[in-house]
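Asker: only geometry, no sequence info:
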Ligand SMILES: Nc1ncnc2c1ncn2[C@@H]1O[C@H](COP(=O)(O)OP(=O)(O)OP(=O)(O)O)[C@@H](O)[C@H]1O
Ligand SMILES: [Mg+2]
Ligand SMILES: [Zn+2]
């Protein structure tokens, strides 16, 4: 998987400028904070950076090691026994916990018990708590005491996508690093880096299109690139179709004509080309939403107005939202959209529509 293969392994490789700078400064200084909060959207490098930090402070070849007193570098070497075993998640002094599934007081107590042990093979025991906002109140209270008087050799990293769900008392005891969301330029440069390494020759336009469709997540970007390569897609148009963008305009035009047969033909083709229905619905809803605002002069736009009436637009939006929710439970990907459109035509054209 590209997104695992190209996970950043050094501070230098973190594409997120702000996080990179902050981490660099912290590791350069003489005192290390004992607790961090990494906050940011999904796929912005929180877990990756927590692992880089764990490697850096336990590496045998950098400034943190007594083995190499003359080294000035804070980067992990990624070669020594400690770096390697952290990379393989087999290092006893790095403890990762997913708070989404271990959120209660017992789990936190176990974790706290672990903090009283001295490191076995490295300089620090690093505790990485993913999805930290899922911890229960009781759990937070227990953790708070440890954060107030942490053992010298322990470092905590709380990673979260929802800072507002963490108690203020916890936040104030940690150093916060903001990973924000991945912007298109950063994702684009990641895609370039992967392409170069994998000998993938895709046009910049196409990579930019992928970057724009990655929901501000490096992980999503890397995944789309991998899918596009696997499907041997080479043109911008094919990619648009694959992502379900091209579909958006075409499909809305067809819906305007309210021809059920053409609609079902279109959806069938979209499906056979491997189109993504989640993306398709999102795009159509976005488009309908702007049409709603344009029609009411809330926003100005040169885009041509569609001929659907306001009532039709809102009905269609309602049905598509239902379809969106049903995507998770359908055995056939295309079904929710098909049903939504049949219902739509039936309601607006009920009398005219021939239903056999
Ligand atoms: N700064 C970055 N530069 C390049 N690639 C990155 C960066 N951050 C993340 N990635 C890519 O995204 C993937 C996911 O990153 P990571 O697991 O660190 O994100 P996360 O912030 O922990 O996400 P989540 O909230 O979903 O757990 C990595 O495997 C890597 O491929
Ligand atoms: Mg993570
Ligand atoms: Zn090392």
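Answerer: Done, it's in. Predicted, not measured: the structure shown is a model, and the values here were computed from it. Residues are numbered from 1 along each chain as shown. Ligands and ions are numbered 1, 2, ... in the order given.

Asker: Quick one: neighbours of the residue in the stretch 151-300 of the chain positioned nearest to ligand 1, just the number.
Answerer: Per C-beta to the nearest ligand atom, residue 218 is where the stretch 151-300 of the chain lies closest to ligand 1, at 3.2 Å. Placement of C-beta: from N, CA and C, glycine included. Other residues lying near residue 218 total 28 when counted by other C-beta atoms under 10 Å.

Asker: pLDDT at it, what is it?
Answerer: On pLDDT, residue 218 comes in at 93.

Asker: Repeat that for residue 297.
Answerer: For residue 297, pLDDT reads 81.

Asker: ok, back up a step: assess the claim that the residue of the stretch 151-300 of the chain closest to ligand 1 and residue 187 are in contact.
Answerer: Yes: applying C-beta atoms under 8 Å, one finds residue 218 in contact with residue 187, separated by 6.1 Å.

Asker: any common contacting residues for those two?
Answerer: Contact criterion C-beta atoms under 8 Å, 6 or more residues apart in numbering; residues shared by residue 218 and residue 187: residue 15.

Asker: Now the stretch 101-250 of the chain against ligand 3: closest residue?
Answerer: Of all residues in the stretch 101-250 of the chain, residue 122 sits closest to ligand 3, at 9.8 Å by C-beta to the ion.

Asker: Nearest spatial neighbour of that residue, chain-adjacent residues omitted?
Answerer: By the measure of C-beta to C-beta, 6 or more residues apart in numbering, the closest residue to residue 122 outside its immediate chain neighbours is residue 58, 3.2 Å from it.

Asker: I'd guessed the one you found sits against residue 82; true?
Answerer: Yes: using C-beta under 8 Å, residue 58 makes contact with residue 82 at a distance of 4.6 Å.

Asker: Low-confidence bits of the stretch 151-300 of the chain, can you list those?
Answerer: Scanning the stretch 151-300 of the chain with the threshold set as pLDDT under 70 gives 245-249.

Asker: which neighbours does the helix or strand hosting residue 159 have in its sheet, and in what orientation?
Answerer: If you go by DSSP states H and E, residue 159 is part of strand 154-160. Strand 154-160 sits in its sheet next to strand 35-40 (parallel), strand 125-130 (parallel), going by DSSP bridges.

Asker: how about those strands, which one is nearest residue 199?
Answerer: strand 35-40 (31.2 Å; C-beta to C-beta).

Asker: what sits up against that closest one?
Answerer: Strand 35-40 is touched from outside by 16, 19, 46, 49-50, 53, 132, 147, 150, 155-161, 163, 166, 170-171, 173-181, with contacts defined as C-beta under 8 Å, 6+ apart.

Asker: Nice, that's everything, thank you.
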